[in-house]
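K.L.:
Following is a predicted model, sequence given first.
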Amino acid sequence: MKAALPALAAVLLLGAACHQAPRNPMAQWSPSPNFNARRPQMIIIHHTACTTFDEALRILKTENSGGPVSSHYLIGRDGKLAQLVSDDHRAWHAGGGGAWGASRDINSLSIGIELDNNGFEPFAQPQIDKLLALLDDLVRRYDIPRSQILAHADVDPVRKHDPNASFPWKLLAEKGFGLWPDADLPEPPAGFDPWAALRILGYSMKSPAATLGAFHLHYRATEAGELDALDRRILFNLQSRQLGTAGLPHQDLGLPGDQVIR
């Protein structure tokens with residue numbers, strides 16, 4: 001038994017060393033207590049386009065057709081919650097082509113949440129309930145602006161179309177997560193530029209048509225259509241909310257929970 005003690009001690013020391021933060025061998029280690037972990041600034045919501053939780057979990061731990069992929073969290077249709085990547089690590093969920101405002105490396109700035117959904121079906125209530133609980137935990141712990149709860153399509157409109165049109169963005173906003181227009185939508189003033197409003201919200205103008213599709217998917221539950229008068233009213237209202245209340249809890253809009261803006 002005594003002979004085994006040195007070996008056990010060596011194993012424990014090796015395990016502790018494996019969990020230490022990286023240190024540059026060129027420098028003398030002289031630690032300061034004045035630091036903290038990097039904090040995410042946004043949350044990106046996806047759907048998996050898979051048929052089962054286990055299938056999605058396997059892909060997020062290996063790769064899809066584009067190569068290795070991951071997310072921080074996966075939520076099943078029944079509300080089962082799995083964490084795959086630590087919150088303070090960079091998961092590979094948003095690709096390399098996305099942007100939001102001045103931010104280009106979305107993976108480095110965000111937490112990714114995948115919802116197990118085949119891409120066409122409605123989102124199950126237990127799944128949404130668990131998402132709301134998770135969002136509440138994340139925004140409180142990391143002080144993430146509540147306006148910065150976004151769709152994958154929002155940050156990468158050219159390539160992505162998730163979560164699908166049945167995702168309940170209005171319900172999330174009523175619970176305090178994300179932007180949603182008010183019930184009363186006055187006409188914007190003369191000279192209002194809806195494309196500038198999209199940029200103010202954070203959308204990229206790399207492809208205006210794709211960006212309009214992502215905006216429609218988020219706020220009008222369809223990717224189709226040209227920019228119309230209702231879009232202008234919505235964008236003017238959202239621009240005002242973004243500039244005036246970004247990061248603050250959204251107020252109750254007093255609209256039925258399943259109402260879609262038309």
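P.N.:
Thanks, I have the structure now. Here the structure is a predicted model, which means the values were calculated and not measured.

K.L.:
Ends of stretch 196-215, what's the gap?
P.N.:
13 Å (C-alpha to C-alpha, to the nearest Å).

K.L.:
And stretch 136-151, by the same measure?
P.N.:
With C-alpha to C-alpha as the measure, stretch 136-151 spans 17 Å from end to end.

K.L.:
how does this structure divide into domains?
P.N.:
42-174, 194-245 (automatic domain parsing).

K.L.:
what about the residue nearest the centre of the chain, which helix or strand?
P.N.:
Nearest to the centroid of the C-alpha atoms of the chain, with distances taken as C-alpha atoms, centre = their mean, sits residue 44, at 1.1 Å. Element membership of residue 44 [criterion: DSSP states H and E] is strand 42-47.

K.L.:
again, but for residue 214
P.N.:
Here residue 214 is assigned to helix 208-220, by DSSP H and E.

K.L.:
Centre of the chain to that helix, how far?
P.N.:
17 Å (C-alpha atoms, centre = their mean, to the nearest Å).

K.L.:
right, and the helix or strand after that helix?
P.N.:
For helix 208-220, the following helix or strand on the C-terminal side (DSSP H and E) is helix 229-245.

K.L.:
circling back: okay, now the sheet partners of the strand holding residue 44, with direction.
P.N.:
strand 110-115 (parallel), strand 149-151 (parallel) (DSSP bridges).

K.L.:
average pLDDT across it?
P.N.:
The average of the pLDDT scores along strand 42-47 is 97.

K.L.:
quick one on the thing from earlier: now, of the strands paired with strand 42-47, which is deepest in the fold?
P.N.:
Comparing the strands paired with strand 42-47 by mean neighbour count (mean count of other C-beta atoms under 10 Å), strand 110-115 ranks first with a mean of 26. All C-beta atoms are positioned from the backbone trio N, CA, C, and that covers glycine.

K.L.:
buried ones in the helix or strand that that strand is followed by?
P.N.:
Remark: after strand 110-115, the chain's next helix or strand is helix 125-142, criterion DSSP H and E. Using 16 or more other C-beta atoms under 10 Å as the test for burial, helix 125-142 gives 127, 128, 130, 131, 132, 134, 135, 138, 139, 142.
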